[in-house]
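J.: Test case, fold it:
(one chain, ligands or ions: 1)
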Amino acid sequence: MTAPRKILIVAGARPNFMKVAPIVHEIKRRVKAGDAAIDLRLIHTGQHYDQAMSDVFFADLGMSPPDINLGVGSGTHAVQTANVMCRFEPVCVAERPDWVVVVGDVNSTLACTLVCAKTGIKVAHVEAGLRSFDRSMPEEVNRIVTDALADLLLTPSLDADDNLLHEGIARHRIRMVGNVMIDSLIANLAQARDCGVSARLGVQAREFAYVTLHRPANVDGSDELRRIAGALERVAQRCPVIFAVHPRTRAALQRGGIDLDRPGSRIRMIEPVGYHKSLWLVDNARFVLTDSGGIQEESTYLHTPCLTLRPNTERPVTISEGSNRLTNLDRLTADIDEVLGTDDCHGHTPRYWDGHAAERIVDALLGYDSTGHGSGVN
Ligand code: UD1
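T.: This next block holds a predicted model:
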């Protein structure tokens, strides 16, 4: 067993940045303290590229700009995945890293894992093992393929270990390290609470609903979107709504001629918000309505009621242990009534969502032993 000397860590899209930041900070901390000799490179695939979808997260999370930006941009799934592969392969050939670390379930995660599998470079997947059991979701396909190919599977919760074991993945490839996104949340909460978004938006804590919706299944069809718009208008009769609109959703609203931000409306449509502002909104909302994976977890940690507009979730602990519940357009009004009718938000924080996941991730990378005799927290 030799400790890795060169590690590439990959981020591509908005939900990746808060997962890579704690790992980057932890490796740099160990290198600075003389506890590790690691040559680290941060690779941004450029899947997300707008200032509001990418740069603001580097600033909020205290990360230096990426060492390499592949600049792939948007495209169909095939085009985007292929472009990441074409541009990442030469980087792997030139850098010859000991490990590539990928996070989450976006197209960049899958594409970089495929390149490594074919160039003989070890891959560690952070947030491995999550399953919605719904292959109509592009992310589910990305998760399954990434986990089948990755060497080291770093899971956020025990249900993820069970999923991987059921798929026949060897126990010694799996380490339950906890939820690295919660590391970022804990490290940034004080700054989030000080970010001034409340005054800027003119909202008071616990008096508004925070809405984020961007999944293709919810927003790409104009019928679904029209029904969502009707539901949001009903929510707005009960409390002001802050709707941070993803570019995919904004384009779909425009295509469908749906205008929710009319004069006098209590629905406030804003551009996608940075990390600190989003954390403040999750922390202080009366409830959150979302189809995001990350917000289900953040609201669980912050004990904010969360309604997830999806038929399933790959993050079941946010329901069994946290403050999340699934909803649909037929049930939404009743679910909102229930959420608004109680001041109690039940739920507790899952195991290892404690701010130390990045330490366990770096320990697992440094202690990895392909023979199955490595150390881990399991
Ligand atoms: C991607 C991820 C999804 C994640 C989401 C978070 C995949 C398959 N999906 O979905 O898992 O939850 O990111 O946001 O990887 N666009 C911009 N500016 C940007 C980026 C995108 O305007 O910086 C627009 C483009 O028109 C693009 C569309 O948004 O076509 C969708 O972007 P894309 O990266 O394809 O998927 P997301 O819906 O963002």
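
J.: what does the chain have sitting close to the ligand?
T.: Where proximity means Cβ under 6 Å from any ligand atom, the interface of the chain facing the ligand comprises 13-15, 47-50, 53, 74, 105-107, 138-139, 214, 246-248. Where you see a C-beta, it was placed from the backbone N, CA and C, and this is true even at glycine.

J.: Now, those residues that are in helices?
T.: When the residues of the chain next to the ligand are checked against helices (DSSP state H), the matches are 14-15, 107, 138-139, 247-248.

J.: Buried among these? Need that as a selection in ChimeraX.
T.: The buried residues among these can be selected in ChimeraX (16 or more other Cβ atoms under 10 Å) with this line:
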select :14,15,107,138,139,248
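
J.: how about the ones in helices among the residues of the chain next to the ligand, which pair is most distant?
T.: 139 and 247 (17.6 Å; Cβ to Cβ).

J.: the domain parsing of this protein - what is it?
T.: Structural domains annotated on the chain: 5-179+353-366, 187-340, as defined by automatic domain parsing.

J.: what is the mean pLDDT for the shortest one?
T.: Summarised as a single mean, pLDDT over domain 187-340 is 94.

J.: gap between that domain and the chain center?
T.: 15 Å (Cα atoms, centre = their mean, to the nearest Å).

J.: So which of the domains of the chain has the densest surroundings on average?
T.: domain 5-179+353-366 (a mean of 20; mean count of other Cβ atoms under 10 Å).

J.: That one spans what distance, first to last residue?
T.: Terminal residues of domain 5-179+353-366 lie 9 Å apart, using Cα to Cα, to the nearest Å.

J.: Stretch 317-334 too?
T.: Taking Cα to Cα, the span from the opening residue of stretch 317-334 to its closing residue is 23 Å.

J.: hmm, who's touching it?
T.: The contact list for stretch 317-334, computed with Cβ atoms under 8 Å, 6 or more residues apart in numbering, reads 157, 159, 224, 227-228, 231, 234, 289, 296-297, 299-301, 303-313, 315, 335, 345-350.

J.: Take those residues and keep only those in helices.
T.: Among the contacts of stretch 317-334, the subset assigned to helices under DSSP H consists of 159, 224, 227-228, 231, 234, 296-297, 299-301, 335.

J.: Which single one of these is nearest to the ligand?
T.: residue 296 (11.4 Å; Cβ to the nearest ligand atom).

J.: so who does that closest one touch?
T.: The neighbours of residue 296, taking Cβ under 8 Å, 6+ apart as the test, are 290, 306, 308, 313, 315, 318, 322, 324.

J.: how about a cut-off of 6 Å?
T.: With contacts defined as Cβ atoms under 6 Å, 6 or more residues apart in numbering, the neighbours of residue 296 are 306, 308, 315, 318, 324.

J.: Shouldn't residue 268 be within a strand?
T.: Yes. Secondary structure of residue 268, determined by DSSP: H, G, I helix; E, B strand; the rest coil: located in a strand.
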